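J.: Have a look at this prediction, sequence included:
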Amino acid sequence: MSFLTGPNRAHLNGHKEETSYNDIVRVKPQKEVYIPLDNGTNYVFEAVVKEGDLVKVGTLLGRRTGNMIVPYYSPVAGKVGSTKTMMHAVLKPVPHMVIEDDGTYEKVQSFKPLDYTLASREELVEFMMNSGLVGCGGAGFPSYMKYRNPQGLETLMINAVECEPYITSDYRFTETHLDDLKVGVLALLKMSTAKKAVVAIKKTKKTLIAQLKESFSDHPEVEIFLTPDAYPMGWERTLVYQHGKKRYNRLPSEVGYVINNVTTTISFAQALKNGEGLTEKLVTFSGDGLISPCNVLVPYGTKIGEIVQQIGGYACDDVLLIAGGPMMGKTITNDDFVITNYANAITVLKNEVIDALPCMRCGRCNDTCPAGLLPVRINNAEKMKDLDLMVKLNADQCIECGLCSYVCPSKIDVTEGVRKAKRVLALRKK
Amino acid sequence: MKYTFKVSPNYRTPLSTQQIMLELTLGILVVLSYNVYFYFTKVGTNYGFHAAYMILTSVAVAVLTEVVWALAFKKDVVKQLTSSFPWVTALLFVSMLTVSKPLYAVAIGSFVAIFIGKLIFGGFGHNIFNPAGVGRIFTELSFGGLVVTAFPDVVTGATPNTIMERLGWVIQDPTKVTAYLDQFGGLWHLFTGNYLGALGETNTLLILLVGIYLAIRGVLDWKVPAVFLSSIFVFAGIIALVQGMGWWYPVFHLFTGGVMFGAIFMLTDPVTSPTSITGRVIFAIGTALLVIVLRVKSNLPEGVIRSILFMNMMTPLIDQVTDGWQFKDVKKNLMKIGGVVLTSVATIVLIANLIHYIEPAKVVIPEMVIVLGDPLKIMDTVTEDMTEIVSRTDEGDIATFVISSKGYAVLYDEYAEDPKPNIFEIKINTVTKTVVNATYLTFSDTFKIGDKTNSEIFFNQFLNLDITNPDATIDTVTGSTYSSESSIRALKAAILALGQ
């Protein structure tokens, strides 16, 4: 009942027009790429190549192993160098494999292409694992994991909502790869054994919606679902609730949904077609801290600083350099980190001083919280170090979407308070 | 190159607390402006000026209090003012006062509102009670009966609710209902603020419009006033059903006594109300229940501010009760609200059976204070184009004139819908040349102001007046100079007609 819980979302000014229409810029690393061998989750990386080996675009470099298997394919052709520990976009030091780019971009097929119409469900899942595909919505979760056990899945949802402000990479990637999207959706549908597929997109993207409808006109099992222009419409829980009016506890599969990002879907289709993993990423570089915001097509592993330099540089001396969008992305205090294979945006904003006022208890954060929490109460509980109250307020359900800080008229860092409470609860569990 | 670290999100809504307070200030000013204008045009310029002075005094004292506080605690004065918004409290406070309050009472009340109501709790955002409400209650307790002596009070004791209070908050007899409502020109006049009351509370329609605008602008949460007003309507409706009264009764409750002002400007004060929607709904229903209970069962006619302050006290408790996870607690929260509604309805049904109509002792309308002021020479008044002899009948020595004479309504009231002159009947003894009787046949000027002339004190001056005396004077009634002049003019017309 939304009268009692509030709208649980808010319309944000998206600033999407800044990068929606201009040319996509192709950027190359200056000398080297740095492949992050981990994304901060402490998995073991088993290298296949060693220092001094010559690799081509698409050569298997190694695998992340453990519960989840993720192979890595080289984004450039050149010589493998040493392994260096560098700062990662998740704000943790992570070992990176250095590859010297020889500038030739000579390609090698990474694996055999597969025709999804002939392949079995199991073959497709295994293919997906071998392709090294990870979720391109920002989390980098290996996609095949979602399809291993398809029991109870009824709806495949393709998430093309892209609700973070400034980011347009999904949109730009989709409008140029409609055919691949179609193949990807049908292949995923087969893998999921779901009865129908839903492509969710903001209702404001009129041109793309028309193209999608036409593209899927011969597939009645694929629905184009229009969502309101609101944040965080692309969050799985918000999206599932918007479509099926269902809420779940941990995973969308509890209510019959499996969800993949639209770029992931297209990349999967490309892997099926060409037999190559994801080595190049379309990334939005936007924000008022850049001279010319645009979408960049770049081999993963390229340093942010090199990219910014090639697209015109920073617009001012004091910036917030954000890995991701301004709502959920983290600020990073140097531009020495690299684009991962699941990155979708770098946002650079002018650093403006914000003066906070005392909380006037207006409750806007409570009304807009997409998780249905009471952020102002959690903040107070955290300040008072009232552990029981933090538990009662379910602080651990926060996804740090940032909306409570966004709507706060007194400009208080509400999200940070909730984040602290969440950390307190997580530590207690351990 | 500097890469600054800040916690996410690094994107903020353009709507700021300063912006919210600015729009709120403008909203209150719109409402206050209407009333100042009302006093200037319909009551008297001196009232208009006094209303304006009251507003200025309240704001000045509030700002000064904060400045002194900032200086005393070595804070940046500008920052203190722009992050504490004393003028909002001051404007809300003065809106709840009647026009007759002396300026020093306004000043003390405004000081109390800011100092006791807000600053001693830690300033903006930390106060428990609505500061303006604190100031209002303090002023009522300390200076309740106090009025400016310079002009007789037109307000004290005669608001719709005080009269209703004397009737026991029940009127069943339809003719009595009509008579009661007609005193104020009916429900429509109550709705549009065409009566005397507190400075900013009377024009229900205007407050509602401002409220809708502020809700659309996102300055206030529409749910609080919506739930509050519907609760008032339902609770008063239950009383109307139990007592066999018509639909006018709940509507009357909505239109009078600062209910709308409280709903839009006082109840929505975020600092002193709960933070969750469930909490705010309970808060609004609870306040509505108290308003109705205090109205019909306490010995004071008005309960909106008292109810709000009481519920302010309940806010921490309500917050505590509604703590949880909103998505999971929807059913629980609905049950909590249901519980509050059931308790409220039961209370109202009980109370509805405990009240009854009280026959007014003698007069329903309290007597107006009539003071005679400046004398006016009869022959100095202007009759040309102003008066008209409607008829003259002679019976023996007595000549009876029916005379129409333009009064305030025709001459000055630009907003009267269909202004008519006053009609007088004046009897003159043609032998002794004295006035035998003078009275209104039809009074057409402003109700409760001009009709002070429709009194014995005033017309007794006419009796036995020697009409041959060219210097004869009659004292005008203070506060209704124009109607007095209209009467005196009618007398002159009669004298002139007799002379011919």
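T.: Structure's in. What do you need?
J.: Just give me the neighbour total for B:Thr478.
T.: Counted with other C-beta atoms under 10 Å in any protein chain shown, the neighbours of B:Thr478 add up to 17. To be clear about C-beta, it is placed using only N, CA and C from the backbone, and glycine gets the same treatment.
J.: how close does the closest residue to it other than its chain neighbours get to B:Thr453?
T.: The spatial neighbour of B:Thr478 that comes closest, neighbours along the chain excluded (C-beta to C-beta, 6 or more residues apart in numbering or on different chains), is B:Gly373 at 3.8 Å. Look at B:Gly373 and B:Thr453: by C-beta to C-beta, to the nearest Å, they are 12 Å apart.
J.: Next: A:Ala200.
T.: A:Ala200 is 75 Å from B:Thr453, by C-beta to C-beta.
J.: so which helix or strand takes in B:Leu290?
T.: helix B:277-297 (DSSP states H and E).
J.: For that helix, which helices and strands make contact with it?
T.: helix A:2-5, helix B:223-243, helix B:304-322, helix B:330-352 (3 or more C-beta pairs under 8 Å, 6 or more residues apart in numbering or on different chains; DSSP states H and E).
J.: Could you tell me how far that helix lies from the centre of the chain?
T.: If you compare the mean C-alpha spot of helix B:277-297 with that of the full chain, they lie 21 Å apart, counting by C-alpha atoms, centre = their mean, to the nearest Å.
J.: what's the answer for stretch A:188-198, then?
T.: Taking the mean C-alpha point of stretch A:188-198 and that of its whole chain, the gap between them comes to 21 Å (C-alpha atoms, centre = their mean).
J.: Same check on stretch B:177-196?
T.: Taking C-alpha atoms, centre = their mean, one finds the center of stretch B:177-196 at 12 Å from the center of the full chain.
J.: Show me what from the stretch 101-250 of chain A comes close to chain B.
T.: Contact residues of the stretch 101-250 of chain A with respect to chain B, defined by C-beta under 8 Å from any C-beta of the partner chain, are listed as A:165, A:247.
J.: And the helices in the stretch 101-250 of chain A, which stretches?
T.: For the stretch 101-250 of chain A, the helices defined by DSSP state H, counting those that start in this stretch cover A:121-130, A:169-176, A:178-192, A:206-215, A:236-244.
J.: Sort out which residues of stretch B:88-108 are buried, please.
T.: By neighbour count on 16 or more other C-beta atoms under 10 Å in any protein chain shown, the buried set for stretch B:88-108 is B:88-102, B:105-108.
J.: no wait, stretch A:376-389
T.: Of the residues in stretch A:376-389, those scored as buried under the neighbour-count criterion (16+ other C-beta under 10 Å) are A:376-382, A:389.
J.: Can you name the residues that contact whichever residue of the stretch 51-200 of chain A sits closest to chain B?
T.: Nearest residue of the stretch 51-200 of chain A to chain B, counting by C-beta to the nearest C-beta: A:Pro165, 5.9 Å away. The contact partners of A:Pro165, taken as C-beta atoms under 8 Å, 6 or more residues apart in numbering or on different chains, are A:12-16, A:231, A:325-327, B:11.
J.: 10 Å instead, please
T.: A:12-16, A:231, A:286-287, A:325-327, A:345, A:347, A:406, B:9, B:11 (C-beta atoms under 10 Å, 6 or more residues apart in numbering or on different chains).
J.: Sitting in strands, which of those do you find?
T.: The strands in this structure, assigned by DSSP state E, contain A:286, A:345, A:347 from the contacts of A:Pro165.
J.: Out of the residues you listed, which are close to chain B?
T.: Of the residues in those, proximity to chain B by C-beta under 10 Å from any C-beta of the partner chain holds for A:Thr347.
J.: B:Phe184: what's it in contact with?
T.: In this structure, B:Phe184 makes contact with B:159-160, B:163, B:190, B:194-196, B:252, B:255-256, B:447-448, judged by C-beta under 10 Å, 6+ apart.
J.: what's the helix or strand for A:Glu100?
T.: Secondary-structure assignment from DSSP H and E places A:Glu100 in strand A:93-101.
J.: how many neighbours does the nearest residue to A:Ala343 once chain neighbours are set aside have?
T.: Setting aside the residues directly before and after it, A:Ala343 is nearest to A:Val283 in space (C-beta to C-beta, 6+ apart), at 5.6 Å. A:Val283 is flanked by 24 other residues according to other C-beta under 10 Å.
J.: For A:Val283, give its distance to chain B.
T.: A:Val283 sits 18 Å away from chain B, going by C-beta to the nearest C-beta, to the nearest Å.
J.: what about the residue of the stretch 201-350 of chain A found nearest chain B, neighbour count?
T.: The shortest separation between the stretch 201-350 of chain A and chain B is 3.8 Å, found at A:Pro326 (distances taken as C-beta to the nearest C-beta). Residues near A:Pro326, counting by other C-beta under 10 Å, number 27.
J.: ditto for A:Thr176
T.: Counted with other C-beta under 10 Å, residues neighbouring A:Thr176 total 12.
J.: these two touch, right, it and A:Gln270?
T.: No: in this structure, A:Thr176 is not within contact of A:Gln270 by C-beta atoms under 10 Å, at 11.8 Å.
J.: per-residue confidence for the residue most central in space within chain B?
T.: Among the residues of chain B, the one closest to the centroid is B:Gly197, at 2.3 Å (C-alpha atoms, centre = their mean). At B:Gly197 the predicted local distance difference test score is 81.
J.: just for the chain, where's the confidence low?
T.: By default, I'm working from chain A. A:1, A:39-42, A:138-139, A:430 (pLDDT under 70).
J.: actually chain B
T.: Residues of chain B meeting the criterion pLDDT under 70: B:145-158, B:361-369, B:414-415, B:500.
J.: in it, which spans are strands?
T.: Per DSSP E, chain B has strands spanning B:2-3, B:372-377, B:387-395, B:398-405, B:422-429, B:434-442, B:473-477. These are given in chain order.
J.: and the first one with chain A, contact?
T.: Same thing as strand B:2-3. Yes: figure legend: strand B:2-3 in contact with chain A (C-beta under 10 Å from any C-beta); contacting residues B:2-3.
J.: Report how many residues lie close to whichever residue of the stretch 51-200 of chain B sits closest to chain A.
T.: When you check the stretch 51-200 of chain B against chain A by C-beta to the nearest C-beta, the closest residue turns out to be B:Gly125, at 3.4 Å. If you count neighbours by other C-beta under 10 Å, B:Gly125 ends up with 19.
J.: can you tell me how far it sits from A:Ile412?
T.: As for B:Gly125, its distance to A:Ile412 is 10 Å (criterion: C-beta to C-beta).
J.: Overlap of the contact sets of those two?
T.: Overlap between the contact sets of B:Gly125 and A:Ile412, as judged by C-beta under 10 Å, 6+ apart, is given by A:357-360, B:17.
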